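Engineer: Test case, fold it:
(chains A and B)
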Amino acid sequence: MAAKRLDKLTRQAPRPMGADQELLRVERLSISFPGRDGRVPVVDDVSFDIRAEEAVGLVGESGSGKTVTALAIMRLSRRPTQVDQGQIWFRGENLLSKTERQLCRIRGRFMSMIFQTPRSSLNPLMRVGDQVARVFQIQQGLGREQARGKAQEMLRLVGIPEAARHMRSYPHRLSGGMSQRILIAMMVACEPNLLIADEPTTGLDVTVQAQVFELIKRMQQSHHMAMLLITHDLGVIAELCERMVVMYAGHVMETGPVDRVFENPCHPYMRMLLQSVLRVDQKIEASLPSRGGIEEVAYTLTACRFAPRCPAAMDICWARKPATVAVEPGHTVMCHLYAAG
Amino acid sequence: MLRGNERMDRSILRIQGLHKQFRVDRATTVHAVNGVDLDLAPRETVGLVGESGCGKSTTARCIVRLEEITRGRILFRGQEINAMSLRQFRPMRRWIQMVFQDSMMSLNPRLTVYQTLREPLLAHRMTRTRQEMDERIEEITRQVNLELKYLSSNPRQLSGGQRQRVGIARALITNPELVVLDEPVSSLDMSIRIHIIDLLRRLQEQMGVTILFISHDLSTVRYLCQRVLVMYLGRVVEMGPVEEIFDQSLHFYTQALLSAIPIPDPKARRQRIMLAGEPPSLTKPPRGCVFANRCQFAVQACREVEQDLLPVGNGHFVACWLAAGLPHPQATIGLLPIANKPPHKDESHG
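Structural biologist: Below is the predicted model of the structure:
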């Protein structure tokens, strides 16, 4: 029954889904790594959803579990990383129950991912044009010449100058910004429903970053894709996303519409982030809030993992994990400060 | 603000016409720095900003003599340090210190934090007794907010933020007059970054040290620095007091650079200048203005004549005759616009 549905799913070309329709739902996902004293729960009970054509930002610092979550959605986690519990629903089907064969038909076509390091994501021994063309050959069964034609069209679309000449270039000839453009071309080639971008501008200069984000946003809108944008830069979230998910140490601390979360940050962690953010467009005279140098992340805590750094920590924060509550429609927070009563 | 001779005499570091070239092979030379002038007054914090390949790190490395310069002069307290032999220069290192971007790579993995901090004291024979040395090490460790228990740790046992504190402590332990910080926070996470920035601001106030802060992160520079130099392709294109550069920048490149930075506020609206193309190759730097091939206002003359910094008042300088509001010195060459692709403007928020 499920297999039959998948067959139907993969045979038809992806088509724009109605906006506001749920596209992806991550439900109570927990992921662990092996550690010295047993498994470390790096992602713990994470839930969020993405609607069709929506841009959602996933913010958090290193070690917050952003990338691990994204890789799990793509079903790219490899041992010893282990999904312990939870479900990932994509277009109404649970991705965690799919076989590798089935996944190959979903990846690239219905969802695709742009990685942090564009250079190591390209095959260094293959001409750029052939790499982009292969996407069309494999996913849409086009012939070589037809696929190359489409590839060249894609390169033009993502703003590669002299597309015809660069079809023949090897990746080492390209700058970081150009490599990322090529990858974007490959990832949006089949107009997937969901594009996951994991810090797509790490290591790029700000002016190049601006070019890349402008391209991603343009592609997302023109191709009617939903996007999960992973970043630690609140500026990027403010600029590109409609909704955001804030992670810390493997917990989702706050979710909500971007303008609401910025206007009314509820979780002490989110407040701390917003207070400590520096802006180019404003002069900051006052000294920044500086809090003790706790830099280790407490994955082993079964209660609130932010408690060791939290200025508002209470006894209960060390004892019990808070429930996630809605502070306003669509805006949720996981903190004892907002617990009912 | 000091002017003219008074300022020159008082400057702690002066760089004149600095050039640094790297020979790649017989036919190729990378022109990393192409005539940079810089003047640091005592106790001031100056930001050196620009994108990768603009020559900011090379400039820093030349100052501390990790690179030998190709041409120009570097004067520290009036002494020409680039002309000294390395032997003569060695005692100077006590006064000129550097903090590096990658704290893992710049700390010796086989030394404990204590041993790392002891090195400069031994090298410059700064303490007489063991007790004096221990006291100095403990003092500096406290000043950078590092717990004393980490003195016996190896770098790999520390977090990125803690390692960077060690790097800063190692630089400050000799009581230097000038500290060059090369991207000290760019590899750190946002909430840890803020602690280090805050620490730097406090140290700068307490210790009265002169700081050259090299960064591509302009919001940090705005917070920490009093003066800013913007570099592009081995040249300084604009320089001035921090508020002027951020709020009234004149050079088109500075404006584009500032507008490219996302603002963490969904309500902020502004015009983004999207630069077309990429900077020219450093192996073949252009003859005229370094920015001419990407500048929407460039005319033929811009491509012919090298552009020096022009004063526009209040200590603000810009390497663009148009931005400075001057007629082009060699207008006869032609003021015909050249067909650069106009950067497209994008009404966006953030």
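Engineer: Format the CA atom coordinates belonging to the helix ranked longest in chain B as PDB.
Structural biologist: The helix of greatest length in chain B, counted in residues with DSSP state H as the criterion, is given as helix B:190-207. Taking Å, rounded to 0.1, in the frame of the first residue of the first chain, the C-alpha atoms of helix B:190-207 are listed here in PDB:
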ATOM      1  CA  MET B 190      27.800  34.200  18.100                       C
ATOM      2  CA  SER B 191      27.200  34.100  21.900                       C
ATOM      3  CA  ILE B 192      30.900  33.300  22.500                       C
ATOM      4  CA  ARG B 193      32.000  35.900  20.000                       C
ATOM      5  CA  ILE B 194      30.200  38.600  22.100                       C
ATOM      6  CA  HIS B 195      32.200  37.600  25.200                       C
ATOM      7  CA  ILE B 196      35.500  38.000  23.400                       C
ATOM      8  CA  ILE B 197      34.500  41.300  21.800                       C
ATOM      9  CA  ASP B 198      33.400  42.500  25.200                       C
ATOM     10  CA  LEU B 199      36.700  41.300  26.700                       C
ATOM     11  CA  LEU B 200      38.700  43.200  24.000                       C
ATOM     12  CA  ARG B 201      36.800  46.400  24.700                       C
ATOM     13  CA  ARG B 202      37.500  46.100  28.400                       C
ATOM     14  CA  LEU B 203      41.100  45.300  27.900                       C
ATOM     15  CA  GLN B 204      41.500  48.200  25.500                       C
ATOM     16  CA  GLU B 205      40.100  50.600  28.100                       C
ATOM     17  CA  GLN B 206      42.100  49.100  31.000                       C
ATOM     18  CA  MET B 207      45.400  48.600  29.500                       C
END
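Engineer: ok now it, how far from the chain's centre?
Structural biologist: Helix B:190-207 has its average C-alpha position 17 Å from the chain's average C-alpha position, going by Cα atoms, centre = their mean, to the nearest Å.
Engineer: ok, B:Thr174 to B:Arg71 distance?
Structural biologist: Distance of B:Thr174 to B:Arg71, given as Cβ to Cβ, to the nearest Å: 30 Å. For the C-beta atoms, the positions are set from N, CA and C on the backbone; glycine is no exception.
Engineer: Going by how many neighbours each has, rank these two and give me the top one.
Structural biologist: When B:Thr174 is set against B:Arg71 and neighbours are counted by other Cβ atoms under 10 Å in any protein chain shown, the residue ahead is B:Thr174, at 19 against 14.
Engineer: Is it correct that that one is in contact with B:Met126?
Structural biologist: Yes: in terms of Cβ atoms under 8 Å, B:Thr174 counts as a neighbour of B:Met126; the distance is 6.5 Å.
Engineer: residues shared between the contacts of the two?
Structural biologist: When contacts are counted by Cβ atoms under 8 Å, 6 or more residues apart in numbering or on different chains, the set common to B:Thr174 and B:Met126 consists of B:Arg94, B:Pro120.
Engineer: what residues does the stretch 51-200 of chain B put near chain A?
Structural biologist: In this structure, the stretch 51-200 of chain B approaches chain A at residues B:51-52, B:145-147, B:159-162, B:189-192, B:194-195, B:197-198, judged by Cβ under 8 Å from any Cβ of the partner chain.
Engineer: my bad, the stretch 251-350 of chain B
Structural biologist: Among all residues of the stretch 251-350 of chain B, those adjacent to chain A (criterion: Cβ under 8 Å from any Cβ) are B:256-268, B:270, B:272, B:274-275, B:277-278, B:346, B:348-350.
Engineer: Separate out the buried members of these.
Structural biologist: Neighbour-count burial within those applies to B:256-266, B:268, B:272, B:274-275, B:278, B:348, B:350; the criterion is 16 or more other Cβ atoms under 10 Å in any protein chain shown.
Engineer: what about the stretch 1-150 of chain B, any weak spots by pLDDT?
Structural biologist: Applying pLDDT under 70 to the stretch 1-150 of chain B flags residues B:1-9.
Engineer: tell me the domain ranges of the chain?
Structural biologist: All of this is about chain A. What the record gives for chain A is the domain set A:2-110+A:194-211+A:222-295, A:120-191, from automatic domain parsing.
Engineer: Wait, chain B was what I had in mind.
Structural biologist: With automatic domain parsing as the reference, chain B has domains B:4-239, B:265-349.
Engineer: So for A:Glu61, which of these sits nearest?
Structural biologist: Across the domains of chain B, A:Glu61 has its closest neighbour in domain B:4-239 (4.1 Å, Cβ to Cβ).
Engineer: number of nearby residues for the closest residue in space to B:Trp95 that isn't next to it in sequence?
Structural biologist: On the basis of Cβ to Cβ, 6 or more residues apart in numbering or on different chains, the spatially nearest residue to B:Trp95 that is not a chain neighbour turns out to be B:Glu177, at 4.7 Å. Residues within reach of B:Glu177, counting by other Cβ under 10 Å, total 20.
Engineer: what residues are up against B:Glu177?
Structural biologist: Residues in contact with B:Glu177, defined by Cβ under 8 Å, 6+ apart, are B:Ile12, B:Pro42, B:Arg77, B:Trp95, B:Ile96, B:Val209, B:Thr210.
Engineer: By neighbour count, which of those wins?
Structural biologist: Of all the contacts of B:Glu177, the most densely surrounded is B:Ile96 (25 neighbours; neighbours counted as other Cβ under 10 Å).
Engineer: Tell me who's in contact with that one.
Structural biologist: B:Ile96 neighbours (Cβ under 8 Å, 6+ apart): B:Ile63, B:Val64, B:Phe76, B:Ile81, B:Pro176, B:Glu177, B:Leu178, B:Val179, B:Val180.
Engineer: do that again at 7 Å, thanks
Structural biologist: B:Ile63, B:Val64, B:Phe76, B:Pro176, B:Leu178 (Cβ atoms under 7 Å, 6 or more residues apart in numbering or on different chains).
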